[in-house]
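Colleague: the sequence and its predicted three-dimensional model are supplied below.
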Amino acid sequence: MRAVIVEQPGGPEALTVVERDAPQPGPGEVRVDLAAGGVNFIDIYQRSGAYRVPTPFVAGNEGAGTVSAVGEDVLDVVPGDRVAWAMTPGTGYAEQALVPAARLVPVPDGVDLETAAAAMLQGMTAHYLVNSTFEAREGQTAVVTAAAGGVGLLLCQMLREKGVRVIGTVGNAEKAELARAHGAAETVLYREVDLATEVGRLTDGQGVHVVYDGVGRDTFDAGLSVLRPRGMMVLFGAASGPVPPVDPQVLNSAGSLYLTRPSLAHYAAEREELLWRGREVLGAVADGRLQIRVGGRYPLAEARRAHEDLEGGRTTGKLILVP
């Protein structure tokens, strides 16, 4: 089977396609024939060395497919089952992967496997952000940065369903239209206008209850400035680079603000919570309440191009690799 590996950290050219023997599942493991693997910023962080991973390693952390073999002690998964997973290193960029059975979520009827692969990591991320990190409620106002990105489009939809007014930041008019189509009440072209001024105008100077920021360095300071007293900055990514150190006194002087840097790994560590989030996301996809936009579909051999497109900000929605 083919897999995309990283021998040494580096740029997109560090992604190499190799041939490997079909993996054999050990105790508690399941072998899955992948229909698709998700492409995420965490893959870029791992490939570049920003997140250290022992080398060599198979790239990717997310996918969906059909079970082809199970190891000892696996009782609730059988060959032929359709499954999906996320936050499982070494499992996404390959034709076959070994996945711990405890990390699998069943894919319901009515959801194709490519869509399931596209939904898992970003869908569960949006789910924990609006349900757990900050419990969004009707009547609130939120800023979502990169609102036309994969997580951004899902946040817009989930927040709208909860009755939250969404102000989305985007890079161009096309992305603004896409964000509005997925639930943003207003959009701000943050490269052309001052975000703080525009949000102040849109909220009559009141500010917003929460900022969901997956961009990081380029939007963090402006995001803090648009929060109302006791508002929360939820920094869940760093697409533009890491945020410099923050003086806690800034949070005080700006209105007793909250700042958190959450990760899906800590919001789906236990199987019960993983199944809750995964089933709610895939269930919403199945019944049409949640739309998954696949913005790019690449063969394994073009994993490098997928990373270049994602890093270059040339994409919307979700990118997937298809063996």
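Modeller: Cool, got the structure.
Colleague: would you map out the domains in the chain?
Modeller: Per automatic domain parsing, the domain ranges recorded for the chain read 2-120+268-322, 137-261.
Colleague: can you lay out the ones you listed as a markdown table showing mean pLDDT?
Modeller: A markdown table is the format used below for the domains of the chain (pLDDT from 0 to 100):
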| stretch | mean pLDDT |
| --- | --- |
| domain 2-120+268-322 | 97 |
| domain 137-261 | 96 |
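Colleague: now those in TSV, with distance to Leu129 and mean neighbour count?
Modeller: (Glycine included, C-beta is placed from N, CA and C.) Below are those laid out as TSV (distance: least, Cβ to Cβ, whole Å; neighbours: other Cβ atoms under 10 Å):
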stretch	distance to Leu129	mean neighbour count
domain 2-120+268-322	11	19
domain 137-261	6	19
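Colleague: tabulate those domains (a markdown table), appending distance to Asn131.
Modeller: Shown next, in a markdown table, are the domains of the chain (distance: least, Cβ to Cβ, whole Å):
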| stretch | distance to Asn131 |
| --- | --- |
| domain 2-120+268-322 | 8 |
| domain 137-261 | 8 |
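Colleague: mind checking which of those is nearest Val130?
Modeller: Checking the domains of the chain against Val130 by Cβ to Cβ gives domain 137-261 as the closest, at 4.9 Å.
Colleague: between the two ends of the closest one, how far is it?
Modeller: Domain 137-261 has an end-to-end distance of 21 Å (Cα to Cα, to the nearest Å).
Colleague: ok, stretch 35-43 next?
Modeller: End-to-end distance (Cα to Cα), stretch 35-43: 18 Å.
Colleague: could you do stretch 211-220 as well?
Modeller: 9 Å.
Colleague: same check on stretch 42-62?
Modeller: 10 Å.
Colleague: likewise for stretch 309-323?
Modeller: 19 Å.
Colleague: where do the helices sit along this structure?
Modeller: With DSSP state H, the ranges of helices along the chain come out as 41-48, 113-128, 150-161, 173-181, 195-202, 220-225, 248-253, 264-267, 271-286, 303-311.
Colleague: nearest to Val107 among those would be which one?
Modeller: That would be helix 113-128 among these, by Cβ to Cβ, at 4.6 Å.
Colleague: name the single longest strand found in the protein.
Modeller: In the chain, taking DSSP state E as the definition, the longest strand is strand 29-39.
Colleague: which secondary structure elements does it contact?
Modeller: Strand 29-39 is packed against strand 63-70, strand 96-100, helix 113-128, helix 303-311, strand 318-322, with contacts defined by 3 or more Cβ pairs under 8 Å, 6 or more residues apart in numbering; DSSP states H and E.
Colleague: for Ala126, find the nearest of the domains of the chain.
Modeller: Ala126 sits nearest to domain 137-261 of all the domains of the chain, at 3.9 Å, using Cβ to Cβ.
Colleague: and for stretch 15-31, what's in contact with it?
Modeller: 1-7, 47, 59, 67-74, 77, 83, 93, 96-102, 104, 300-301, 303-304, 307 (Cβ atoms under 8 Å, 6 or more residues apart in numbering).
Colleague: run the chain-centre distance for it.
Modeller: Between the centre of stretch 15-31 and the centre of its host chain there is 24 Å, according to Cα atoms, centre = their mean, to the nearest Å.
Colleague: returning to that earlier point: need the helices of the chain in JSON lines (columns: distance to Gly241).
Modeller: What follows is the helices of the chain, written out as JSON lines (distance: least, Cβ to Cβ, whole Å):
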{"stretch": "helix 41-48", "distance to Gly241": "11"}
{"stretch": "helix 113-128", "distance to Gly241": "19"}
{"stretch": "helix 150-161", "distance to Gly241": "17"}
{"stretch": "helix 173-181", "distance to Gly241": "20"}
{"stretch": "helix 195-202", "distance to Gly241": "17"}
{"stretch": "helix 220-225", "distance to Gly241": "10"}
{"stretch": "helix 248-253", "distance to Gly241": "19"}
{"stretch": "helix 264-267", "distance to Gly241": "20"}
{"stretch": "helix 271-286", "distance to Gly241": "28"}
{"stretch": "helix 303-311", "distance to Gly241": "11"}
